[in-house]
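> Show me the folded form of this:
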Amino acid sequence: WLIMRGVTNCPKRPFWLVFMKKIDRQSRTFFIQLWMTVALFLCVIVAFAFYLRAGDRLEQAYQERIAALTLANELRQSSDDLTRMVRTYVVTLNTVYKQRMQEIMDIRDGKRNRPLEYGTIYWDLVLEDDKRPAASGDKIPLLELLRRTGVTDAEFAKLYESKQNSDRLTKTEFLAMQLAEASPLAADPSHAQAIQMLHDHAYHQAKAEIMRPLRDFETMLELRTKGKINQLEEQQSYVRWLLLLTGMFLVASIWNASRSLRVILGSSPGEVNERIELLGRGDFSAPIVAGQHGENSVMGKLLEAQRRLQLLDTRRSKSEMKLRVSRQRFVDIANVSGDWIWETDTSFCFVYASEGAQSQFGYLAQELLGKTLFDLIPPEKAEKSARALGFMLTRKSAFRDFEMTLLDRQGRAREILCSGNVVVDDAGQFSGYRGVIRDISDDRRVAAAAFESGEGMVITDRDGNILRANQAFLENSGYSLEELPQRRLGLSDR
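Reported below is the predicted structural model:
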């Protein structure tokens, strides 16, 4: 409603500005703190995402470094394995070692399937039974694997140089194997020369030429990756501090927002909810502590509403008590009076009948519910009485002392006087009749008996015009029965 009111009055202003001007200062403060909390929460999410990203990049840098060092170590290990195989073959002339030497070079050049986990201990576990410690994988050159680790061109040049030096050394090794094969006897000078070729200073110098580029590669890799890792660690540290600060601000903002919310609510959310549930159940008996909650707070408004509801409930209880007393008084009077007090709906069907219906006419109240006065009129008088009574009822106006005949429960005709008032509902609409029926049958019989006695009696209308006279009156007055309708009850002429 506030938003629509603001937009209607000021269509050119943003609705949120209109809304903020409509609410009070405490609520405005709370909404500002709430939006700050949401913004800080988003900042925490973003900072955490950057922190995770920095951690992933740092982990990736470590993995690339480890992978490059592992493969470089594999290049060094392959050179040592070649030396071990060729020296063993020259001494023993066992062709298995020659075959393994060729297999090592083929695997390094990508001509044979590369065993899985080849960077760990492998050829030291391959013995005379030729049982391999790992299954074979794909064919891929070692230098290609090193290229994939992200090494620089300068670093790759050092690896390539080491590989080339190792390949050149294999020429010396193959020459030593040929000398050993030509002189299989250990005492043969050529055989001794072959062994000497694999152990002299030149051979060790060649091995050093293989290892020196590898050491340079490791140095270059260490410098590069260390700088990159330090940079990533520094970035991660910055992001960590940013995440910590935004988290601290978020906690502070949540605390301030909760404090502002408590001021607005005037109590804890649980107490407010409990009070609302009590009011929803119609329980207004909870104690109200004056001054404990802010007057303009939600709890203050709830307590004010509770006070008013308590007052209304007290008034309602008193009104209901008065109504019950009044109703009971009416029922007591109706039962004591002996008359039949009745009430109908808009269709003129009985909805209430006092005990007089049973004491005077023999009808139980339950029997009359749903019936009308027309159902109790004798058949021979139904048309005339129903027409007159129906005319009065359909006018929806009060009537007094309507004389008619009704049948009691035993089917006997009873002379009655019926009176009724119109009943309306809270909206002023017609809802039925309420009235009383008085049995005058006994009065009529007494009057008839007195009329036939020896005392002179007449019956007149309101104006004193004589309607009927008994025989004793005619004899005493000297009038004839035909003369009476022309006379009024007064001083006699005779």
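> Where is the longest helix in the protein?
When the chain is parsed with DSSP state H, its longest helix is helix 25-92.
> same for that helix, what does it pack against?
The contact analysis (3 or more CB pairs under 8 Å, 6 or more residues apart in numbering; DSSP states H and E) places helix 25-92 against helix 95-109, helix 142-148, helix 153-182, helix 189-197, helix 201-265. Where you see a C-beta, it was placed from the backbone N, CA and C, and this is true even at glycine.
> what's near enough to touch Ile195?
Arg87, Val90, Val91, Ala176, Ala180 (CB atoms under 8 Å, 6 or more residues apart in numbering).
> right, and the first one touches Ala194 too?
No. With contact defined as CB atoms under 8 Å, Arg87 and Ala194 do not form a contacting pair (9.9 Å).
> neighbour-wise, which of these two wins?
A direct count of neighbours by other CB atoms under 10 Å for Arg87 and Ala194 places Ala194 higher, at 25 against 18.
> On the three-state scheme, Asp130 is what?
At Asp130, secondary structure determined by DSSP: H, G, I helix; E, B strand; the rest coil is coil.
> Also the one 10 residues further on?
In the three-state summary, Ile140 is assigned as coil, counting by three-state DSSP.
> any idea how far it lies from Thr70?
Ile140 sits 15 Å away from Thr70, taking CB to CB, to the nearest Å as the criterion.
> and if you look at Pro378?
Per CB to CB, Pro378 is found 121 Å from Thr70.
> returning to that earlier point: the longest helix of the chain relative to helix 201-265, how many degrees between them?
Counting by axes from the mean of the first three to the mean of the last three CA atoms, to 10 degrees, helix 25-92 lies at 160 degrees to helix 201-265.
> returning to that earlier point: dump the helices and strands packed on helix 25-92 into CSV; add distance to Asp425 as well.
Shown next, in CSV, are the helices and strands packed on helix 25-92 (distance: least, CB to CB, whole Å):
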stretch, distance to Asp425
helix 95-109, 104
helix 142-148, 92
helix 153-182, 99
helix 189-197, 127
helix 201-265, 42
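> Which of those sits closest to Thr344?
Among the helices and strands packed on helix 25-92, the nearest to Thr344 by CB to CB is helix 201-265 (54.1 Å).
> hang on, the earlier thing: of the contacts of Ile195, buried ones?
For the contacts of Ile195, a neighbour count by 16 or more other CB atoms under 10 Å gives the buried set as Arg87, Val90, Ala176, Ala180.
> His204: which of those is nearest?
Among the buried ones among the contacts of Ile195, and counting by CB to CB, the member closest to His204 is Arg87, at 12.5 Å.
> Quick one: neighbours of the nearest residue to that closest one once chain neighbours are set aside, just the number.
Nearest residue to Arg87 in three dimensions, chain neighbours excluded: Leu198, at 5.1 Å (CB to CB, 6 or more residues apart in numbering). By the criterion of other CB under 10 Å, Leu198 has 19 neighbours.
> Leu198 and Ala206, how far apart?
Distance from Leu198 to Ala206, by CB to CB: 10 Å.
> which residues are common contacts for the two?
Thr172.
> Pull the distance from stretch 459-473 to the chain's centre.
Relative to the chain's own centre, stretch 459-473 is displaced by 87 Å; criterion: CA atoms, centre = their mean, to the nearest Å.
> for Gly282, phi and psi?
Note on Gly282: its backbone torsions stand at phi 80, psi 20 [degrees, to the nearest 10].
> any low-confidence regions in the stretch 1-150 of the chain?
1-26 (pLDDT under 70).
> so Val126 makes contact with Tyr118?
No. Val126 is beyond contact range of Tyr118, at 11.9 Å (criterion: CB under 8 Å).
> between those two, who's got more neighbours?
More crowded of Val126 and Tyr118, by other CB under 10 Å: Tyr118, with 20 against 16.
> Doesn't the more buried one belong to a helix?
No. Tyr118 is assigned coil when assessed by three-state DSSP, not a helix.
> Who are the contact partners of it?
Residues in contact with Tyr118 (CB under 8 Å, 6+ apart) are Glu74, Ile107, Ala134.
> ok, those residues vs Ile229, which is closest?
Using CB to CB, Glu74 comes nearest to Ile229 of the contacts of Tyr118, at 22.3 Å.
> Please report the number of neighbouring residues for that closest one.
Counted by other CB under 10 Å, the residues lying close to Glu74 total 21.
> What residues does it make contact with?
Counting by CB under 8 Å, 6+ apart, Glu74 makes contact with Tyr118, Gly119, Leu142.
> What is the longest strand of this protein by residue count?
Criterion DSSP state E: the longest strand present in the chain is strand 413-424.
> residues in contact with that one?
By CB under 8 Å, 6+ apart, the residues outside strand 413-424 that reach it are 343, 360-361, 373, 378, 389, 393, 396-408, 430-441, 444.
> Now, these that are in helices?
Judged by DSSP H, helices contain the following of the contacts of strand 413-424: Gln360, Phe361, Leu389, Leu393, Ser441, Arg444.
> Relative to Ala386, how far out is the fifth one?
Here the criterion is CB to CB. By it, Ser441 lies 20 Å from Ala386.
> and if you look at the first one?
Separation of Gln360 from Ala386 (CB to CB): 21 Å.
> which residues does the closest residue to Ser27 other than its chain neighbours contact?
Nearest residue to Ser27, sequence neighbours excluded (CB to CB, 6+ apart): Ile264, at 6.0 Å. Applying CB under 8 Å, 6+ apart to Ile264 gives the contacts Gln26, Ser27, Phe30, Ser297, Val298.
> Out of those residues, which is nearest to Ser317?
Using CB to CB, Val298 comes nearest to Ser317 of those, at 27.5 Å.
> okay, the closest one: pLDDT?
Val298 is assigned 73 on the pLDDT scale.
> Leu214 too?
pLDDT for Leu214: 90.
> quick one: it and Leu75 touch, right?
Yes. Counting by CB under 8 Å, Leu75 is a contact partner of Leu214 at 6.6 Å.
> between these two, what contacts are shared?
Taking CB under 8 Å, 6+ apart as the criterion, Leu214 and Leu75 both touch Leu159, Ser162.
> returning to what we had before: for the residue nearest to Arg87, give me its contacts.
Leu198 neighbours (CB under 8 Å, 6+ apart): Thr83, Val86, Arg87, Val90, Thr172, Glu173, Ala176.
> Next, format those as TSV and append distance to Lys322.
TSV is the format used below for those (distance: CB to CB, whole Å):
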residue	distance to Lys322
Thr83	118
Val86	121
Arg87	122
Val90	127
Thr172	126
Glu173	123
Ala176	128
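> Identify, from those residues, the entry nearest to Leu146.
Thr83 (21.1 Å).
> Who are the contact partners of the closest one?
For Thr83, the contact set (CB under 8 Å, 6+ apart) comprises Glu173, Leu198, Lys207.
> and Leu75, how many neighbours?
For Leu75, the neighbour count with other CB under 10 Å is 22.
> Please disregard the earlier target; I meant Arg57.
Other residues near Arg57 come to 16 when the count uses other CB under 10 Å.
> follow-up on the earlier one: and the gap between the residue nearest to Ser27 and Ala134?
The gap separating Ile264 from Ala134 is 69 Å, by CB to CB.
> Let me see the contact set for Leu93.
Leu93 makes contact with Ala180, Glu181, Pro184, according to CB under 8 Å, 6+ apart.
> how about these in CSV, adding distance to Arg315?
Below are the contacts of Leu93 laid out as CSV (distance: CB to CB, whole Å):
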residue, distance to Arg315
Ala180, 123
Glu181, 124
Pro184, 127
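> Could you dump the residues you listed into a markdown table and include distance to Arg57 and pLDDT?
Formatted as a markdown table, these follow (distance: CB to CB, whole Å; pLDDT from 0 to 100):
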| residue | distance to Arg57 | pLDDT |
| --- | --- | --- |
| Ala180 | 53 | 87 |
| Glu181 | 55 | 86 |
| Pro184 | 59 | 75 |
